[in-house]
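K.L.:
Sequence first, predicted model second:
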Amino acid sequence: MDIVNIEYCRGCQARHPDLIHHEERYRDLYGEVEQLLKQEGYKVIADRWPRLGSFEVSLNRKTVFSKLEGQPIPEPGQIITLVLEAKRKANERKRALHQEQKVKDHNRSYWSPFLSEQ
């Protein structure tokens, strides 16, 4: 099962009372994204130790979205699209590696009788 980890800013007001921050926006976005991803069959985990101002999304430990890297807070549908696209690309890479290995195995089995005669 694919795992989506979401780190989102929460508990910031307690640590930084003078901070002008809309924590509920992050919480609501997390809730919407979590629900949509679960409908798509993903396991969603909220990071236990979020950083201030974070909304980070990773699929199987690979970053898909990062607010800390300067991206604006997206709509929930945009996050879902990014996760699905990352999954599609990962599957393509796996298929390409599998095909490459099949070719290597075929070549090895084809040429091995000739190589063993030397």
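P.N.:
Looks like it came in fine.

K.L.:
Which of the helices and strands in the protein ranks last by mean pLDDT?
P.N.:
Ranking every helix and strand in the chain by mean pLDDT, DSSP states H and E puts helix 12-15 at the bottom, with a mean of 67.

K.L.:
That one: what's the following helix or strand?
P.N.:
Moving toward the C-terminus from helix 12-15, the next helix or strand (DSSP states H and E) is helix 23-39.

K.L.:
Low-confidence stretches in this structure?
P.N.:
Per-residue confidence for the chain (pLDDT under 70) gives these ranges: 13-21, 115-118.

K.L.:
for it, which helix is longest?
P.N.:
Ordering each helix of the chain by length in residues (DSSP state H) puts helix 76-116 first.

K.L.:
What sits closest to the residue nearest the centre of the chain if chain neighbours are left out?
P.N.:
In the chain, the residue lying closest to the centroid (C-alpha atoms, centre = their mean) is L59, at 1.9 Å. Nearest residue to L59 in three dimensions, chain neighbours excluded: A86, at 4.9 Å (C-beta to C-beta, 6 or more residues apart in numbering). Yep, even glycine has a C-beta here, placed from its N, CA and C like the rest.

K.L.:
what do you get for E56?
P.N.:
Taking C-beta to C-beta, 6+ apart as the measure, E56 lies nearest to E7, with 4.2 Å between them; neighbours along the chain are not counted.

K.L.:
For the host helix or strand of that neighbour, buried residues please.
P.N.:
Assignment of secondary structure by DSSP H and E places E7 within strand 3-8. Residues of strand 3-8 classed as buried: 4-8 (neighbour count, 16 or more other C-beta atoms under 10 Å).

K.L.:
now swap in stretch 59-74 and tell me
P.N.:
Buried positions in stretch 59-74, judged by neighbour count with 16+ other C-beta under 10 Å: 59, 64-65, 67, 74.

K.L.:
try stretch 30-39
P.N.:
By neighbour count, and taking 16+ other C-beta under 10 Å as the criterion, the buried residues in stretch 30-39 are 30, 33-34, 36-37.
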